[in-house]
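> next come a sequence and a model predicted from it.
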Amino acid sequence: MNIKPLADRVVVKMVEAEETTKSGIILAGSAKEKPQVAEIIAVGPGGLVDGKEVKMYLSAGQKVLLSKYAGTEVKIDGVEYTILRQSDVLAVVE
Amino acid sequence: MNIKPLADRVVVKMVEAEETTKSGIILAGSAKEKPQVAEIIAVGPGGLVDGKEVKMYLSAGQKVLLSKYAGTEVKIDGVEYTILRQSDVLAVVE
Amino acid sequence: MNIKPLADRVVVKMVEAEETTKSGIILAGSAKEKPQVAEIIAVGPGGLVDGKEVKMYLSAGQKVLLSKYAGTEVKIDGVEYTILRQSDVLAVVE
Amino acid sequence: MNIKPLADRVVVKMVEAEETTKSGIILAGSAKEKPQVAEIIAVGPGGLVDGKEVKMYLSAGQKVLLSKYAGTEVKIDGVEYTILRQSDVLAVVE
Amino acid sequence: MNIKPLADRVVVKMVEAEETTKSGIILAGSAKEKPQVAEIIAVGPGGLVDGKEVKMYLSAGQKVLLSKYAGTEVKIDGVEYTILRQSDVLAVVE
Amino acid sequence: MNIKPLADRVVVKMVEAEETTKSGIILAGSAKEKPQVAEIIAVGPGGLVDGKEVKMYLSAGQKVLLSKYAGTEVKIDGVEYTILRQSDVLAVVE
Amino acid sequence: MNIKPLADRVVVKMVEAEETTKSGIILAGSAKEKPQVAEIIAVGPGGLVDGKEVKMYLSAGQKVLLSKYAGTEVKIDGVEYTILRQSDVLAVVE
């Protein structure tokens, strides 16, 4: 099963809190907040979005930080994903 | 009876929850939320929308994921459809 | 008596619920919701609207589906009409 | 005494409810709603409004339908007028 | 003491209610509402405002009608003035 | 210690209420409202702001009137300053 | 571990209140307010942001003042950072 994001959207999978701690990244605030570190699973084609040309600069496999509350959650084959616009991705972590 | 969506709109038919589960896609959150997987039934002509040229990249028969709360619901010949803008379609699933 | 809509507006007359059922189209939700199927009575000239050129693609006599809450209602010679922007018309039904 | 509307504004005088009924136009809803039929008294010069060129297509003497809540009311020499943007005028009635 | 409004702003002095009545202009609604008739005291230079070229068409000495709630009030040498954008001035009265 | 405002921002120092009264300018409303007269301390470079070219027309030393609630307050070396966009400055007083 | 901000974003580290006081900068209001002085840690590449070309004028190591409530907080290797748009940085302090 495959999700192909449209326009300037990307599909990401949130990185588990435990995994996050191992890699040294944890979020400020209470543990109940939605985690903000995610791995990019798929990247849309970009192109004209709301009349403006958008180039995609993200690629699958990158670890990224997301804006809080960004995107829509879906569950596929038992795994939760988030679909959001590339412009709602704040930073790449390496 | 036939619905022809205008401008950058598409007509979709929500995929039943049972059918959704079989294909391996279910939504996060409670079962009472509006299902987000739909099949595209008809695609508008695109063209100038709010002064910006819009090209249609969706086509009838595709399975798609929708933004929550996107679109307007109508019932035709006993079947419920949703009419929404192409830009409110998040991803194609295959 | 005659209504000539201005700019990118159209004048429509809501189709009665009974008539709607006969033609096979009924609306989702409770019967008390405003009906969304309408016939186009008159079409504005289009032209520059908010600095953008708008072409009218609707014409009198078409049956259309409207956005909920779209437009302003007026009563002329005892008949209720709705005046709305062409862009608030969702689809043509045939 | 004279009011000269600026930019893309027009000055209108609401048509009395009685007069409205005679001409066959009455408004939907309760009688307490603000009447929406008006006569155009004066028309602004148009020109650049918010960086966009606006041409005036209305002229004094026309009977028009207004958006609800459109404009600002003033009283001059004991007569109430409404000043609103041309784009808030919905239709001409003849 | 001198106020020089910036960009597309004008400085106006509200015309007293008594004076207003003499000249035949009074406002609709209760007497407690802020009066809307004003005299223009100073006019800004216009020019690029939010990336758009604005030409000033008002001049000192004109009597004008203002949008309700438009502008900011200041008191200079014991006299109250209002500073507002030219586009918030509705009409010139003569 | 030095503050260099960025883009189209200016740094101002509010003029004390006493000083304001001497110069003949006081604000309308209660004495508890934030004073609106300020002296310009530093001016940003202007340039492209939100995709639009902005030229700075203010300069250090000018006395100005501010929009209510405009800007952000900071305290440096025990002195309070306000940083705001040039477009939130209403007028120059001389 | 490394954060690379995307588009027109910068990563900053808030300067401790104590450190702030030493350098002579403290914030107006109660001590519980979020500190607004920060050091720039990393700067994004700029480029097309929402269809507009953005050039980055900030660089790592600069001390800056931030808009209140600007940005998103993250914790990396036990250190809290804030990610925000360059346009939400008010001023450089030297």
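Perfect, thanks for sending it. In this text the structure is predicted, and so the values were computed from the model without any measurement.
> identify the residue nearest the residue positioned nearest the centre of chain A in space, chain neighbours excluded?
The centre of chain A sits closest to A:V12, judged by CA atoms, centre = their mean, with a distance of 3.6 Å. Using CB to CB, 6 or more residues apart in numbering or on different chains and skipping the chain neighbours, the partner closest in space to A:V12 is A:A38 (3.8 Å). All C-beta atoms are positioned from the backbone trio N, CA, C, and that covers glycine.
> correct me if wrong: A:S67 contacts A:L90.
Yes: A:S67 lies in contact with A:L90 (CB atoms under 8 Å); the separation is 6.0 Å.
> so what sits against both of those two?
Contact criterion CB atoms under 8 Å, 6 or more residues apart in numbering or on different chains; residues shared by A:S67 and A:L90: G:T72.
> those two: which has the busier surroundings?
A:L90 (26 against 16; other CB atoms under 10 Å in any protein chain shown).
> which element is the more buried one on?
Using DSSP states H and E, A:L90 sits in strand A:89-93.
> how about A:V12?
strand A:9-14.
> give me every residue that touches the most far-flung residue of chain A relative to its centre.
In chain A, the residue that sits farthest from the middle, by CA atoms, centre = their mean, is A:G51; the gap is 23.6 Å. By CB under 8 Å, 6+ apart, the residues touching A:G51 are B:G51, B:K52, B:E53, G:G51.
> how far away is the residue of chain A found nearest chain C from B:L48?
Closest approach between chain A and chain C, counting by CB to the nearest CB: A:G51, at 10.9 Å. Counting by CB to CB, to the nearest Å, the gap from A:G51 to B:L48 is 10 Å.
> what angle sits between the strand holding A:V12 and strand A:89-93?
In terms of direction (axes from the mean of the first three to the mean of the last three CA atoms, to 10 degrees), strand A:9-14 departs from strand A:89-93 by 60 degrees.
> where exactly do the helices run in chain A?
Using DSSP state H, the helices found in chain A span residues A:17-22.
> pLDDT below threshold where in it?
Scanning chain A for pLDDT under 70 picks out the ranges A:1, A:16-35.
> change it to 90
Filtered on pLDDT under 90, chain A yields the residue ranges A:1, A:15-36, A:50-51, A:67-70, A:73-79, A:94.
> quick check: the residue nearest to A:V12 touching A:L66?
Yes: between A:A38 and A:L66 there is a contact at 5.7 Å, judged by CB under 8 Å.
> quick check on the nearest residue to A:P5 once chain neighbours are set aside: phi, psi?
Leaving aside its sequence neighbours, A:P5 sits nearest to A:G44 (CB to CB, 6+ apart; 4.0 Å). When quoted as degrees, to the nearest 10, the phi and psi of A:G44 stand at phi -70, psi 170.
> and A:G44, what does it touch?
A:K4, A:P5, A:L6, A:A7, A:D8, A:R9, A:V10, A:M56, A:Q86, B:A91 are the contacts of A:G44 under CB under 8 Å, 6+ apart.
> let's see that with 7 Å instead.
Applying CB atoms under 7 Å, 6 or more residues apart in numbering or on different chains to A:G44 gives the contacts A:P5, A:L6, A:A7, A:D8, A:R9, A:V10, A:M56.
> what's the most distant pair in those?
A:L6 and A:M56 (11.9 Å; CB to CB).
> neighbour count for the two, which is higher?
A:L6 (21 against 16).
> my read: that one touches B:L90, true?
Yes: with contacts counted by CB atoms under 7 Å, A:L6 reaches B:L90, the gap being 6.5 Å.
> bridging across strands, which residues link to A:E53?
For A:E53, the beta-bridge partners under DSSP bridges are A:L48.
> how close does the single nearest residue of chain A relative to chain F get to A:I40?
Among all residues of chain A, A:K52 sits closest to chain F, at 10.8 Å; criterion: CB to the nearest CB. Distance of A:K52 to A:I40, computed by CB to CB: 22 Å.
> higher neighbour count, those two?
A:I40 (19 against 14).
> which residues touch that one?
A:V10, A:V12, A:L58, A:S59, A:A60, A:G61, A:Q62, A:V64.
> quick check: closest non-adjacent residue to it.
A:Q62 (4.8 Å).
> thought the one you found was touching A:V93?
No: counting by CB under 7 Å, A:Q62 stays clear of A:V93, with 8.5 Å between them.
> where do the strands sit along chain A?
A:3-5, A:9-14, A:25-26, A:37-43, A:47-49, A:52-54, A:63-66, A:72-76, A:79-85, A:89-93 (DSSP state E).
> quick one: end-to-end length of stretch A:86-94, please.
18 Å (CA to CA, to the nearest Å).
> could you check whether stretch A:85-94 is close to chain G?
Yes: using CB under 7 Å from any CB of the partner chain, stretch A:85-94 reaches chain G at A:S87, A:V89, A:L90, A:A91, A:V92, A:V93, A:E94.
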